[in-house]
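A.B. asks: After the sequence you'll find the predicted model.
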Number of protein chains: 2
Amino acid sequence: MDRDQALNALSALAHADRLDLIRLLVRQGQEGGQGQEGMAAGQIAAALGLSASRLSFHLAALEGAGLIGSRKVARNVIYSIRAPALGGLVSFLMVDCCRNDPGVLACCAPRDEGQRDVQSGSSLR
Amino acid sequence: MDRDQALNALSALAHADRLDLIRLLVRQGQEGGQGQEGMAAGQIAAALGLSASRLSFHLAALEGAGLIGSRKVARNVIYSIRAPALGGLVSFLMVDCCRNDPGVLACCAPRDEGQRDVQSGSSLR
DNA sequence: GGGACAATTCAATATTTCATGAGTAGTTGA
DNA sequence: TCAACTACTCATGAAATATTGAATTGTCCC
(Lines give C-alpha, C1' and ligand atoms only; values in the text may rest on other atoms or scores of the structure.)
Protein backbone atom coordinates (compact mmCIF):
# COMPACT_ATOMS: atom_id res chain seq x y z
CA MET A 1 0.00 0.00 0.00
CA ASP A 2 1.44 3.34 -1.03
CA ARG A 3 0.84 6.79 0.39
CA ASP A 4 -2.15 7.62 -1.81
CA GLN A 5 -3.88 4.35 -1.12
CA ALA A 6 -3.31 4.85 2.58
CA LEU A 7 -4.75 8.34 2.28
CA ASN A 8 -7.87 6.98 0.61
CA ALA A 9 -8.26 4.36 3.27
CA LEU A 10 -7.78 6.87 6.07
CA SER A 11 -10.32 9.24 4.55
CA ALA A 12 -12.80 6.40 4.22
CA LEU A 13 -12.33 5.36 7.85
CA ALA A 14 -12.46 8.90 9.21
CA HIS A 15 -16.23 8.92 9.65
CA ALA A 16 -18.16 7.49 12.59
CA ASP A 17 -20.69 5.55 10.56
CA ARG A 18 -18.07 4.09 8.27
CA LEU A 19 -15.80 3.09 11.12
CA ASP A 20 -18.76 1.39 12.80
CA LEU A 21 -19.59 -0.30 9.53
CA ILE A 22 -16.10 -1.73 9.24
CA ARG A 23 -16.15 -2.91 12.82
CA LEU A 24 -19.51 -4.55 12.23
CA LEU A 25 -18.24 -6.39 9.19
CA VAL A 26 -15.08 -7.50 10.98
CA ARG A 27 -17.13 -8.86 13.86
CA GLN A 28 -19.51 -10.55 11.50
CA GLY A 29 -16.58 -12.06 9.66
CA GLN A 30 -15.17 -13.69 12.72
CA GLU A 31 -18.46 -14.70 14.35
CA GLY A 32 -20.12 -16.07 11.25
CA GLY A 33 -17.42 -18.60 10.49
CA GLN A 34 -16.63 -19.62 6.94
CA GLY A 35 -20.18 -20.31 5.83
CA GLN A 36 -21.87 -16.91 5.79
CA GLU A 37 -19.26 -14.38 4.78
CA GLY A 38 -20.53 -10.79 4.74
CA MET A 39 -23.83 -9.02 5.27
CA ALA A 40 -26.55 -7.74 2.97
CA ALA A 41 -26.90 -3.96 2.67
CA GLY A 42 -30.31 -4.12 4.33
CA GLN A 43 -28.93 -6.02 7.31
CA ILE A 44 -26.19 -3.45 7.72
CA ALA A 45 -28.64 -0.57 7.49
CA ALA A 46 -30.80 -2.16 10.19
CA ALA A 47 -27.82 -2.90 12.42
CA LEU A 48 -26.45 0.64 12.24
CA GLY A 49 -29.73 2.53 11.98
CA LEU A 50 -28.87 4.22 8.69
CA SER A 51 -31.14 5.19 5.84
CA ALA A 52 -30.72 3.25 2.63
CA SER A 53 -29.27 6.11 0.65
CA ARG A 54 -26.88 7.15 3.37
CA LEU A 55 -25.66 3.59 3.77
CA SER A 56 -25.19 3.30 0.05
CA PHE A 57 -23.09 6.42 0.08
CA HIS A 58 -20.87 5.10 2.84
CA LEU A 59 -20.58 1.65 1.30
CA ALA A 60 -19.46 3.23 -1.96
CA ALA A 61 -16.81 5.21 -0.11
CA LEU A 62 -15.44 2.13 1.62
CA GLU A 63 -15.56 0.04 -1.51
CA GLY A 64 -13.84 2.80 -3.47
CA ALA A 65 -11.04 2.73 -0.93
CA GLY A 66 -10.79 -1.03 -1.34
CA LEU A 67 -11.62 -1.77 2.28
CA ILE A 68 -14.70 -3.84 1.53
CA GLY A 69 -15.88 -5.99 -1.33
CA SER A 70 -19.32 -6.89 -2.60
CA ARG A 71 -21.08 -9.64 -4.47
CA LYS A 72 -24.62 -9.96 -5.70
CA VAL A 73 -26.73 -12.83 -4.42
CA ALA A 74 -30.27 -12.97 -5.73
CA ARG A 75 -31.70 -9.54 -5.03
CA ASN A 76 -29.25 -8.79 -2.24
CA VAL A 77 -25.77 -7.29 -2.34
CA ILE A 78 -23.50 -8.90 0.21
CA TYR A 79 -20.67 -6.78 1.59
CA SER A 80 -17.66 -8.22 3.33
CA ILE A 81 -14.43 -6.97 4.75
CA ARG A 82 -11.26 -7.04 2.66
CA ALA A 83 -8.82 -7.91 5.40
CA PRO A 84 -5.67 -7.52 3.27
CA ALA A 85 -6.52 -3.88 2.54
CA LEU A 86 -7.11 -3.12 6.19
CA GLY A 87 -3.94 -5.00 7.01
CA GLY A 88 -2.07 -3.01 4.40
CA LEU A 89 -3.13 0.22 6.01
CA VAL A 90 -2.05 -0.99 9.43
CA SER A 91 1.29 -2.06 8.00
CA PHE A 92 1.72 1.32 6.37
CA LEU A 93 1.07 3.11 9.63
CA MET A 94 3.28 0.68 11.45
CA VAL A 95 6.24 1.60 9.28
CA ASP A 96 5.60 5.25 10.04
CA CYS A 97 5.28 4.93 13.79
CA CYS A 98 7.08 1.80 14.79
CA ARG A 99 10.47 1.98 13.13
CA ASN A 100 12.25 3.72 15.89
CA ASP A 101 10.55 2.12 18.85
CA PRO A 102 8.68 -1.10 18.17
CA GLY A 103 7.98 -1.55 21.87
CA VAL A 104 5.40 1.21 21.74
CA LEU A 105 2.86 -1.11 20.20
CA ALA A 106 1.20 -3.71 22.35
CA CYS A 107 0.01 -5.34 19.16
CA CYS A 108 3.52 -6.18 18.07
CA ALA A 109 3.67 -8.78 20.83
CA PRO A 110 2.11 -12.19 20.20
CA ARG A 111 -1.62 -11.96 20.75
CA ASP A 112 -3.30 -13.76 23.61
CA GLU A 113 -6.86 -14.26 24.82
CA GLY A 114 -6.55 -11.65 27.51
CA GLN A 115 -5.72 -9.01 24.96
CA ARG A 116 -8.65 -10.02 22.81
CA ASP A 117 -11.06 -9.77 25.75
CA VAL A 118 -10.07 -6.20 26.43
CA GLN A 119 -12.06 -5.04 23.43
CA SER A 120 -14.65 -7.71 22.80
CA GLY A 121 -16.86 -6.49 25.61
CA SER A 122 -17.19 -2.97 24.26
CA SER A 123 -20.33 -1.99 22.40
CA LEU A 124 -20.04 -1.06 18.79
CA ARG A 125 -21.06 2.56 19.17
CA MET B 1 -7.59 4.47 22.62
CA ASP B 2 -11.35 4.39 22.22
CA ARG B 3 -13.47 4.78 19.14
CA ASP B 4 -13.77 8.56 19.33
CA GLN B 5 -10.07 9.09 19.85
CA ALA B 6 -9.37 6.80 16.92
CA LEU B 7 -11.81 8.78 14.83
CA ASN B 8 -10.03 12.02 15.69
CA ALA B 9 -6.68 10.50 14.83
CA LEU B 10 -7.97 9.11 11.53
CA SER B 11 -9.48 12.47 10.58
CA ALA B 12 -6.22 14.18 11.39
CA LEU B 13 -4.22 11.75 9.26
CA ALA B 14 -6.65 11.81 6.34
CA HIS B 15 -4.98 14.73 4.62
CA ALA B 16 -1.96 14.57 2.35
CA ASP B 17 0.00 17.38 3.99
CA ARG B 18 -0.65 16.09 7.49
CA LEU B 19 0.27 12.54 6.60
CA ASP B 20 3.50 13.81 5.06
CA LEU B 21 4.10 15.88 8.16
CA ILE B 22 3.76 12.84 10.40
CA ARG B 23 6.06 10.81 8.20
CA LEU B 24 8.59 13.60 8.25
CA LEU B 25 8.54 13.78 12.03
CA VAL B 26 8.82 10.00 12.37
CA ARG B 27 11.82 9.96 10.06
CA GLN B 28 13.37 12.87 11.88
CA GLY B 29 12.79 11.09 15.16
CA GLN B 30 14.70 8.02 14.13
CA GLU B 31 17.45 9.72 12.16
CA GLY B 32 18.18 12.47 14.62
CA GLY B 33 18.95 10.19 17.49
CA GLN B 34 18.24 11.19 21.09
CA GLY B 35 19.85 14.59 20.96
CA GLN B 36 17.66 16.65 18.66
CA GLU B 37 14.12 15.44 19.12
CA GLY B 38 11.61 17.15 16.87
CA MET B 39 11.68 19.96 14.33
CA ALA B 40 10.90 23.67 14.44
CA ALA B 41 7.78 24.81 12.61
CA GLY B 42 9.88 26.76 10.16
CA GLN B 43 11.98 23.71 9.31
CA ILE B 44 8.84 21.69 8.71
CA ALA B 45 7.35 24.40 6.50
CA ALA B 46 10.52 24.48 4.43
CA ALA B 47 10.70 20.70 4.16
CA LEU B 48 7.09 20.34 3.01
CA GLY B 49 6.77 23.58 1.06
CA LEU B 50 3.84 24.90 3.07
CA SER B 51 2.97 28.46 3.99
CA ALA B 52 3.34 29.38 7.64
CA SER B 53 -0.35 29.79 8.31
CA ARG B 54 -1.32 26.61 6.53
CA LEU B 55 1.30 24.65 8.42
CA SER B 56 0.11 26.13 11.68
CA PHE B 57 -3.41 25.00 10.85
CA HIS B 58 -2.28 21.46 10.17
CA LEU B 59 -0.03 21.33 13.21
CA ALA B 60 -2.96 22.39 15.38
CA ALA B 61 -5.09 19.61 13.91
CA LEU B 62 -2.45 16.98 14.62
CA GLU B 63 -1.74 18.30 18.08
CA GLY B 64 -5.46 18.40 18.84
CA ALA B 65 -5.68 14.74 17.91
CA GLY B 66 -2.77 14.03 20.23
CA LEU B 67 -0.51 12.72 17.48
CA ILE B 68 2.23 15.29 17.98
CA GLY B 69 3.50 17.36 20.87
CA SER B 70 5.23 20.72 21.01
CA ARG B 71 7.60 22.67 23.20
CA LYS B 72 8.86 26.20 22.95
CA VAL B 73 12.60 26.79 22.64
CA ALA B 74 13.69 30.41 22.38
CA ARG B 75 11.65 31.85 19.54
CA ASN B 76 11.02 28.47 17.94
CA VAL B 77 8.32 25.91 18.58
CA ILE B 78 9.63 22.36 18.29
CA TYR B 79 7.17 19.68 17.21
CA SER B 80 7.76 16.00 17.72
CA ILE B 81 5.88 12.79 17.17
CA ARG B 82 3.91 11.23 20.01
CA ALA B 83 4.60 7.60 19.24
CA PRO B 84 2.23 6.16 21.85
CA ALA B 85 -0.76 7.91 20.25
CA LEU B 86 0.15 6.67 16.81
CA GLY B 87 0.73 3.24 18.32
CA GLY B 88 -2.65 3.38 20.00
CA LEU B 89 -4.33 4.04 16.69
CA VAL B 90 -2.53 1.14 15.07
CA SER B 91 -3.50 -1.11 17.95
CA PHE B 92 -7.11 -0.02 17.65
CA LEU B 93 -7.16 -0.84 13.94
CA MET B 94 -5.36 -4.09 14.60
CA VAL B 95 -8.13 -5.25 16.91
CA ASP B 96 -10.64 -4.43 14.21
CA CYS B 97 -8.90 -6.16 11.36
CA CYS B 98 -6.67 -8.75 12.87
CA ARG B 99 -8.82 -10.70 15.30
CA ASN B 100 -9.96 -13.28 12.91
CA ASP B 101 -6.85 -13.67 10.84
CA PRO B 102 -3.63 -12.35 12.35
CA GLY B 103 -1.63 -13.77 9.46
CA VAL B 104 -2.94 -11.07 7.19
CA LEU B 105 -0.53 -8.56 8.63
CA ALA B 106 3.10 -8.79 7.73
CA CYS B 107 3.78 -6.45 10.61
CA CYS B 108 2.61 -8.99 13.16
CA ALA B 109 5.74 -11.00 12.47
CA PRO B 110 8.94 -10.01 14.25
CA ARG B 111 10.53 -7.13 12.41
CA ASP B 112 13.84 -7.54 10.65
CA GLU B 113 16.21 -5.31 8.69
CA GLY B 114 14.97 -6.55 5.35
CA GLN B 115 11.47 -5.46 6.16
CA ARG B 116 12.68 -2.05 7.20
CA ASP B 117 14.56 -1.56 3.93
CA VAL B 118 11.43 -2.13 1.88
CA GLN B 119 10.13 1.28 2.82
CA SER B 120 13.13 3.35 3.77
CA GLY B 121 14.03 4.01 0.15
CA SER B 122 10.73 5.60 -0.77
CA SER B 123 10.52 9.33 -1.07
CA LEU B 124 8.26 11.21 1.28
CA ARG B 125 5.80 12.52 -1.26
C1' DG C 1 13.95 50.87 22.40
C1' DG C 2 13.80 49.37 17.52
C1' DG C 3 14.26 46.14 13.81
C1' DA C 4 14.18 41.38 12.43
C1' DC C 5 12.46 36.92 12.96
C1' DA C 6 9.25 32.82 14.25
C1' DA C 7 4.95 31.38 14.76
C1' DT C 8 0.04 31.89 15.46
C1' DT C 9 -4.60 33.93 14.87
C1' DC C 10 -8.17 35.96 12.31
C1' DA C 11 -11.53 36.96 8.59
C1' DA C 12 -13.06 35.97 4.11
C1' DT C 13 -13.54 32.73 0.62
C1' DA C 14 -13.47 28.38 -1.74
C1' DT C 15 -13.95 23.59 -1.70
C1' DT C 16 -15.31 19.27 -0.15
C1' DT C 17 -18.17 16.28 2.24
C1' DC C 18 -22.57 15.00 4.36
C1' DA C 19 -27.65 14.26 4.80
C1' DT C 20 -32.26 13.94 3.08
C1' DG C 21 -35.93 12.42 0.31
C1' DA C 22 -37.66 11.32 -4.17
C1' DG C 23 -37.06 8.64 -7.99
C1' DT C 24 -34.96 4.58 -10.75
C1' DA C 25 -33.34 -0.17 -12.01
C1' DG C 26 -33.08 -4.96 -11.33
C1' DT C 27 -34.97 -9.34 -9.07
C1' DT C 28 -38.32 -12.42 -7.25
C1' DG C 29 -42.52 -15.00 -6.89
C1' DA C 30 -47.61 -15.24 -7.37
C1' DT D 1 -47.37 -9.21 -16.02
C1' DC D 2 -47.80 -7.16 -11.58
C1' DA D 3 -46.74 -6.15 -6.92
C1' DA D 4 -43.23 -6.36 -3.52
C1' DC D 5 -38.66 -5.96 -2.43
C1' DT D 6 -33.64 -4.57 -2.49
C1' DA D 7 -30.41 -1.45 -3.44
C1' DC D 8 -28.69 2.43 -5.98
C1' DT D 9 -28.60 7.23 -8.06
C1' DC D 10 -29.61 11.93 -8.24
C1' DA D 11 -30.60 16.80 -6.88
C1' DT D 12 -30.74 19.91 -3.27
C1' DG D 13 -29.31 22.34 0.67
C1' DA D 14 -26.54 22.23 4.96
C1' DA D 15 -22.34 21.70 7.35
C1' DA D 16 -17.62 20.98 7.93
C1' DT D 17 -12.98 21.68 6.28
C1' DA D 18 -9.22 23.92 3.67
C1' DT D 19 -6.75 27.97 1.85
C1' DT D 20 -5.10 32.60 1.58
C1' DG D 21 -3.08 36.80 3.08
C1' DA D 22 -2.99 40.31 6.49
C1' DA D 23 -2.52 41.34 11.23
C1' DT D 24 -0.84 40.01 15.85
C1' DT D 25 2.09 38.17 19.59
C1' DG D 26 6.31 36.99 21.53
C1' DT D 27 11.46 36.59 21.31
C1' DC D 28 16.09 37.80 20.10
C1' DC D 29 20.00 40.79 19.04
C1' DC D 30 21.91 45.35 18.03
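C.D. replies: Yes, it's here. Residues are numbered from 1 along each chain as shown, chains lettered A, B, ... in the order given.

A.B. asks: next helix or strand past the helix or strand hosting residue A:29?
C.D. replies: Per DSSP states H and E: residue A:29 is located in helix A:16-31. On the C-terminal side of helix A:16-31, the nearest following helix or strand under DSSP H and E is strand A:39-40.

A.B. asks: May I see the buried residues of the very next helix or strand once past that following strand?
C.D. replies: Per DSSP H and E, the first helix or strand lying C-terminal to strand A:39-40 is helix A:41-48. The neighbour-count check on helix A:41-48 (16 or more other Cβ atoms under 10 Å in any protein chain shown) flags A:41, A:44-45, A:47-48 as buried. Using the backbone N, CA and C atoms, a C-beta is placed for each residue, glycine as well.

A.B. asks: Please, where are all the helices along chain A?
C.D. replies: Assigned by DSSP state H, chain A shows helices spanning A:3-13, A:16-31, A:41-48, A:52-64, A:83-98, A:113-120.

A.B. asks: Let's have the ones you listed in CSV, adding distance to residue B:37 and mean pLDDT.
C.D. replies: Formatted as CSV, those follow (distance: least, Cβ to Cβ, whole Å; pLDDT from 0 to 100):
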stretch, distance to residue B:37, mean pLDDT
helix A:3-13, 24, 96
helix A:16-31, 32, 91
helix A:41-48, 42, 96
helix A:52-64, 37, 97
helix A:83-98, 15, 86
helix A:113-120, 30, 38
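
A.B. asks: which one of those helices is the most hemmed in?
C.D. replies: helix A:83-98 (a mean of 23; mean count of other Cβ atoms under 10 Å in any protein chain shown).

A.B. asks: middle-most residue in chain A, spatially?
C.D. replies: Nearest residue to the geometric centre of chain A (Cα atoms, centre = their mean): residue A:22, 3.2 Å.

A.B. asks: want to throw the helices of chain A into a markdown table with distance to residue B:84?
C.D. replies: Below are the helices of chain A laid out as a markdown table (distance: least, Cβ to Cβ, whole Å):
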| stretch | distance to residue B:84 |
| --- | --- |
| helix A:3-13 | 19 |
| helix A:16-31 | 21 |
| helix A:41-48 | 31 |
| helix A:52-64 | 28 |
| helix A:83-98 | 9 |
| helix A:113-120 | 17 |
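
A.B. asks: Quick one: closest of those helices to residue B:85.
C.D. replies: Residue B:85 lies closest, by Cβ to Cβ, to one member of these: helix A:83-98, at 8.8 Å.

A.B. asks: Tell me the residues of chain A that contact DNA strand C?
C.D. replies: A:11, A:14-15, A:17, A:51-54, A:57-58, A:61, A:74-75 (Cβ under 7 Å from any atom of the strand).

A.B. asks: Could you pick out which of these are also in contact with chain B?
C.D. replies: Restricting the residues of chain A next to DNA strand C to those touching chain B (Cβ under 8 Å from any Cβ of the partner chain) yields A:11, A:14-15.

A.B. asks: Give me the buried positions along stretch A:66-85.
C.D. replies: Buried residues in stretch A:66-85, counted by 16+ other Cβ under 10 Å: A:66-68, A:77-85.
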